[in-house]
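K.L.:
Take this sequence and fold it.
(one chain, ligands or ions: 2)
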Amino acid sequence: MTDDLYMQRCLELAAMGMGNVSPNPMVGCVIVNNGKIIGEGYHVKFGDAHAEVNAINSVCSAYGDQAAELLANATVYVSLEPCAHFGKTPPCADLLIRHQVKKVVIGNTDPFDGVNGKGIEKLKNAGIEVVTGILEQQCSRLNRRFFTRIALQRPYIILKWAETADGYFAPKNSLQQWISGALAKKLVHKWRTEEDAVLVGKQTALADNPRLSAREWEGKNPIRLLIDRKLEVSTGSHLYDNQTKTVIFNEIKTAVEGNVHFIQMEDMQHYLPQKIAFQLYLMDIASVIIEGGANILNQFISAGLWDEARVFTAAHTWNEGLAAPKIQVHVIEHLDLDKDKLTIYQNNHS
Ligand code: AOF
Ligand code: ZN
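P.N.:
Numbers count the residues shown, from 1 in each chain. Ligands and ions are numbered 1, 2, ... in the order given. This is a model prediction of the structure:
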């Protein structure tokens, strides 16, 4: 029970790395001595120190000369198996062994090739007691992007759209009309700060001229992705404004022009979702939100290439227009916003 509580704290800490550590996992670490938390840390930024290093450092700076003795009697809680490899930083398992900690309590084992049980093995071989699987489900939910990337060699794919109460996605004439309200828009901007990339198709770029930025929320802008087979979207549109990196998948050229990266692909009329997903994997993009249009969303749905769908339903009806995409899987969350409803679906890939 106390193990669960400390692991819960690890998860809170880990989540603070959201949006800044990808494609690495979010990891939190708590160090406990004699029923008291003596240090905490988390993986703050991609390429920087791991959670365990920051937690050990926090003990050293708080307790100075006493730190060594306190650590030698400590239990280290960490939401992911301590690493065993020399990556951008030396192995965390070695660090814990060097400080001779008594016990290590772990949430998930790390499926990454360089670790994958080797961290646990190192700790055990050094005589440290190891407990695994604490709050395992919560830990893997937090790092669902990381686990999906490693297991399936593709990013975690989130679909997002808004529809009217009677199931329409866009009006008959192609003029842009907002379906969902202000609160929904803010939430979408928050979501954009949490994922590596946001993707739209040509129709959406032409109809809405979107910026795809997170300007209504504090945080980083995602990489913008556009599928534009024949390069029909005007270079005067917002996606060409160089404000953030934009990648345009097309059949014409590979080139870099300012902040716009063109990636040429073969035959984009067949297996497009599969090809895009693998390309994003190669680009180290661990998660993507697909924001439209209906054609692109439907292609990913038909291919079964999605993990989560976030659907806003407005109160009003239209009676005609382009039908919204349809999915038949289980709902995990229902939320009432000011004007809209938000439903989140999870694809269980069965
Ligand atoms: C840990 N603690 O806080 C994190 C871990 O390139 P590097 O050196 O940063 O290593 C990245 C890999 O290390 C990543 O793929 C994952 O397996 C693990 N991340 N491990 O012990 C941490 N963030
Ligand atoms: Zn590490």
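
K.L.:
For the stretch 251-350 of the chain, which segments count as strands?
P.N.:
Here the stretch 251-350 of the chain has its strands, by DSSP state E, counting those that start in this stretch, at 255-257, 260-264, 287-290, 308-313, 322-323, 331-336, 341-346.

K.L.:
quick one, which of these is nearest to ligand 1?
P.N.:
strand 287-290 (14.7 Å; Cβ to the nearest ligand atom). Quick note: C-beta positions are derived from backbone N, CA and C, even for glycine.

K.L.:
helices or strands up against that closest one?
P.N.:
Identification of packing neighbours for strand 287-290 by 3 or more Cβ pairs under 8 Å, 6 or more residues apart in numbering; DSSP states H and E yields strand 156-163, helix 182-194, strand 197-201, helix 294-302.

K.L.:
I'd like those as JSON lines, with mean neighbour count and distance to ligand 2 appended.
P.N.:
JSON lines is the format used below for the helices and strands packed on strand 287-290 (neighbours: other Cβ atoms under 10 Å; distance: least, Cβ to the ion, whole Å):
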{"stretch": "strand 156-163", "mean neighbour count": "23", "distance to ligand 2": "22"}
{"stretch": "helix 182-194", "mean neighbour count": "18", "distance to ligand 2": "23"}
{"stretch": "strand 197-201", "mean neighbour count": "25", "distance to ligand 2": "26"}
{"stretch": "helix 294-302", "mean neighbour count": "19", "distance to ligand 2": "34"}
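
K.L.:
how far away is the closest residue to ligand 2 within the stretch 151-300 of the chain from D208?
P.N.:
As assessed by Cβ to the ion, ligand 2 sits closest to A286 within the stretch 151-300 of the chain, at 17.5 Å. A286 sits 26 Å away from D208, taking Cβ to Cβ, to the nearest Å as the criterion.

K.L.:
Same drill for these two, tell me which one is more crowded.
P.N.:
Ranked by neighbour count (other Cβ atoms under 10 Å), A286 and D208 place A286 first, with 26 against 21.

K.L.:
residues contacting the nearest residue in space to that one that is not next to it in sequence?
P.N.:
In this structure, A286 finds its nearest non-sequential neighbour in P23, 3.9 Å apart by Cβ to Cβ, 6 or more residues apart in numbering. By Cβ atoms under 8 Å, 6 or more residues apart in numbering, the contact set of P23 is F46, R145, F146, R149, D196, D284, I285, A286.
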